[in-house]
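Trainee: Here is a sequence with its predicted model. Questions after.
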Number of protein chains: 2
Amino acid sequence: MRAEIITIGDELLIGQVVDTNSAWISQRLNECGIEVHQITSVHDDRNHIVQALNEAFTRADLIITTGGLGPTKDDITKHVLCEYFRMKLVESPQVKAHIEQLYASRPEVLNRLTATQWQVPQGATILPNRVGSAPLMVFPMRTKTLVSLPGVPYEMEIGITEQVIPYLRQRFPSLGVVEHRTIMVSGIPESSLAILLSDYEASLPKGLHLAYLPKDGTIRLRLSSYGEVPTQTLEEWIDQLQFIVHNYLIVTDDRPLELHVADALNAHKATLATAESCTGGKLASLLTRHSGSSSFFRGTVVAYSNDVKRDVLGIPEYDLQRFGAVSEPVVRWMAEGVRRITHSDYAIATSGIAGPTGGTKEKPVGTVWIGWATPNGTDAACFQLGKLRDQITDRACQKALIGLLERIR
Amino acid sequence: MRAEIITIGDELLIGQVVDTNSAWISQRLNECGIEVHQITSVHDDRNHIVQALNEAFTRADLIITTGGLGPTKDDITKHVLCEYFRMKLVESPQVKAHIEQLYASRPEVLNRLTATQWQVPQGATILPNRVGSAPLMVFPMRTKTLVSLPGVPYEMEIGITEQVIPYLRQRFPSLGVVEHRTIMVSGIPESSLAILLSDYEASLPKGLHLAYLPKDGTIRLRLSSYGEVPTQTLEEWIDQLQFIVHNYLIVTDDRPLELHVADALNAHKATLATAESCTGGKLASLLTRHSGSSSFFRGTVVAYSNDVKRDVLGIPEYDLQRFGAVSEPVVRWMAEGVRRITHSDYAIATSGIAGPTGGTKEKPVGTVWIGWATPNGTDAACFQLGKLRDQITDRACQKALIGLLERIR
């Protein structure tokens, strides 16, 4: 089955809101084997919505729209759909009872604008919206289907998960499953990787597709199966892929690296600290953004000034002067210093030139030293990570995590 | 002028990547008075791209495409555009020299796939891509224009800012200017602010529009002038707006708060450190993401474990046990401790329950204590900052910076 998503709202087209709904919906539809063919964002405008519906119905079996279902003047989706499907609005006692119940627990009063929300198109299937007042509407169109959902992300997500997917699975019992497997590699440029994999790609059977997704100095390889490819075939081809790239293989799923670090540390009941100069707390921020990080993460010293490197981390003034802050000896001292003062098993240190100023001929912008202190000793490596500040620090974090994973395993 | 954006890439349609490019491009085009009519995401598929181009050219004068310009097999945009505009690929000596120079400073070799990047469509205008190997291509189509950009956000952003907008302004001298003025307020809910501003909004002249942009517990108010409104009128109305909201006014431009903090500290030749528990390095990361932060920023201790709070920051074990880590005494100790060990003039400390676990009846998820240590003494405040982990830590950073600004001024 082929679907299209139409997101409706002026705020999307003036750039005030990023459309995060479409990616989320695509993932959920993919899991049922429904391919998303196109995503289209249009204005809150009758003619524009009708044009997008006409075009989408020529290509897709299922259309999901989001947005334009609020009670205010600029929200017109429900009225346009009524006109499109030649239905009239009628009062729904179920929706009315639900909205009255919702407002019973809210401080604000149920006003006349909200009361328009229980007017629904006669002939459409209304699915309950547990967390909001906008109805979830399903319109039949011969063998095709349109589902209209609110644009507020959590209302949309709960609606898709609890109502729309079960509805579709019941109505179309033959819905299949599109499967994805992702692995991450590092240390090889995308173009060299493509050359390494050219024979592999050429021999992939129909229904399997390989994609390259570079990010922050790593590359995720995603193998997807469409149609009639059995799971076992997908597994065999992902095994072969791992074999070919094993020199560069970092992890074998799609989760962020910091979660793999968390798993590896927890498996060893080990703890971690970071000493950060150029990454300025970004590495700590990554490691602590997921709940549960306190099980392994002890703390960080962001040593932006040399005084802090000396006084808090205990780096000898002599080494700072002789080698400079961006150097192998200093980054090793930083890692060992933070490991010692936080009583951690592992420590990572970063020191580099994030730019745009501060580069020299010997140490250009993008030069980053990373040090790892472990129960088995300390070492360090130097990287050239690009030219832009955010890019350099993002890549430094990924290099630091990859290096740690290699040293824990 | 009317534009459409076409984003190209399978990763968008399986939901692996959220399209953030379109909102960013829409903002930049809006600033030149170019309306974005539609955003369409399509597959890396020849027929699909051609269909989207045909449809967009019937509606728009300017089409911006992103994505599909990498050197690998799945990237086909350049070839499809060559076919569409009936051009052939030729070697560009300028692009070749640029790519060779890019690779001169990289460890990896320039291989045959990368070499395809200097093949460009004969007749297209090639704008330089300062930070990548994919060319920025401009295709004329009678009175209409298509611009093809890479999908990597920072390459696209630099290309739009440094190349595409100047190119469009030169080619279409009549492009308008939409002016925006933004101020930031905090400490008042959006609905109360709207009531406070209802008379003001009702009396705004035609061509001036007020927008509310709530984010991380602050609200930005943006006044925009479209069409024939003189700059002086915009300035007069922004003055009046500042007068009405002066009790809640934080800053009077659109720059992020950390840059205002940098200005205030630099003006006093003062230095700053942070001690972070729940924010986990996010505050340090914000403060150091802009170049020049080493002039005032000395460092951070992320004290995730109580041991680190005690051993590195010198917080008495007794207070940690008696009051708990999320408490006024501990957050004051943290601020004073990090101020002392880093020899800073100012220090900020955060300690809170970021959730989803760890909340209690007395200290529910979202409770955050923030402390400020200054040359004039130390104080602290407690906030309730929501229910979601990222939301809580983002809001805590903003509250911490607002509090610091108030204490420096």
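Mentor: All right, it came through fine.
Trainee: Contacts (any at all) between chain B and the helix or strand containing A:P214?
Mentor: Following DSSP states H and E, the helix or strand that holds A:P214 is strand A:208-215. Yes: contact of strand A:208-215 with chain B (C-beta under 8 Å from any C-beta of the partner chain) involves A:H209, A:L210, A:A211, A:Y212, A:L213, A:P214. Glycine gets a C-beta too; all of them are placed from N, C-alpha and C.
Trainee: What is the subsequent helix or strand relative to that strand?
Mentor: As assigned by DSSP H and E, the chain's next helix or strand after strand A:208-215 is strand A:218-225.
Trainee: what about dumping the CA coordinates of that next one to CSV?
Mentor: Taking Å, rounded to 0.1, in the frame of the first residue of the first chain, the C-alpha atoms of strand A:218-225 are listed here in CSV:
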residue,chain,number,x,y,z
THR,A,218,30.2,8.6,11.0
ILE,A,219,28.2,6.8,8.3
ARG,A,220,25.1,4.8,9.0
LEU,A,221,24.3,2.1,6.4
ARG,A,222,20.7,1.1,6.2
LEU,A,223,19.5,-2.0,4.5
SER,A,224,15.7,-2.0,3.9
SER,A,225,13.5,-4.8,2.6
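Trainee: what packs against it?
Mentor: Strand A:218-225 is packed against strand A:179-186, helix A:190-196, strand A:208-215, helix A:231-244, with contacts defined by 3 or more C-beta pairs under 8 Å, 6 or more residues apart in numbering or on different chains; DSSP states H and E.
Trainee: how far is that strand from where the chain is centred?
Mentor: 14 Å (C-alpha atoms, centre = their mean, to the nearest Å).
Trainee: and it, which strands flank it?
Mentor: Using DSSP bridges, strand A:218-225 pairs in its sheet with strand A:179-186 (antiparallel), strand A:208-215 (antiparallel).
Trainee: re the thing from before, now the strand holding A:P214: average pLDDT?
Mentor: Regarding strand A:208-215, the rounded mean pLDDT is 88.
Trainee: cool, and stretch A:68-75?
Mentor: 79.
Trainee: do that stretch and chain B meet?
Mentor: No: using C-beta under 8 Å from any C-beta, stretch A:68-75 stays clear of chain B, coming no nearer than 12.8 Å.
Trainee: for the stretch 1-150 of chain A, what spans make up the helices?
Mentor: For the stretch 1-150 of chain A, applying DSSP state H, counting those that start in this stretch gives helices covering A:10-13, A:21-31, A:46-59, A:77-84, A:93-104, A:112-115.
Trainee: Looking at the ones you listed, which is nearest to chain B?
Mentor: For chain B, the closest of those is helix A:21-31, at 3.4 Å, according to C-beta to the nearest C-beta.
Trainee: what's the closest one packed up against?
Mentor: Looks like helix A:21-31 contacts strand A:2-8, strand A:35-42, strand A:62-66, helix A:153-159, helix B:10-13 (3+ C-beta pairs under 8 Å, 6+ apart).
Trainee: any chance of the ones you listed in a markdown table, plus mean neighbour count and distance to A:G352?
Mentor: A markdown table is the format used below for these (neighbours: other C-beta atoms under 10 Å in any protein chain shown; distance: least, C-beta to C-beta, whole Å):
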| stretch | mean neighbour count | distance to A:G352 |
| --- | --- | --- |
| strand A:2-8 | 24 | 40 |
| strand A:35-42 | 25 | 38 |
| strand A:62-66 | 26 | 42 |
| helix A:153-159 | 18 | 37 |
| helix B:10-13 | 26 | 30 |
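Trainee: These into a markdown table, with extra columns for distance to A:M141?
Mentor: Below are the helices and strands packed on helix A:21-31 laid out as a markdown table (distance: least, C-beta to C-beta, whole Å):
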| stretch | distance to A:M141 |
| --- | --- |
| strand A:2-8 | 13 |
| strand A:35-42 | 16 |
| strand A:62-66 | 9 |
| helix A:153-159 | 20 |
| helix B:10-13 | 22 |
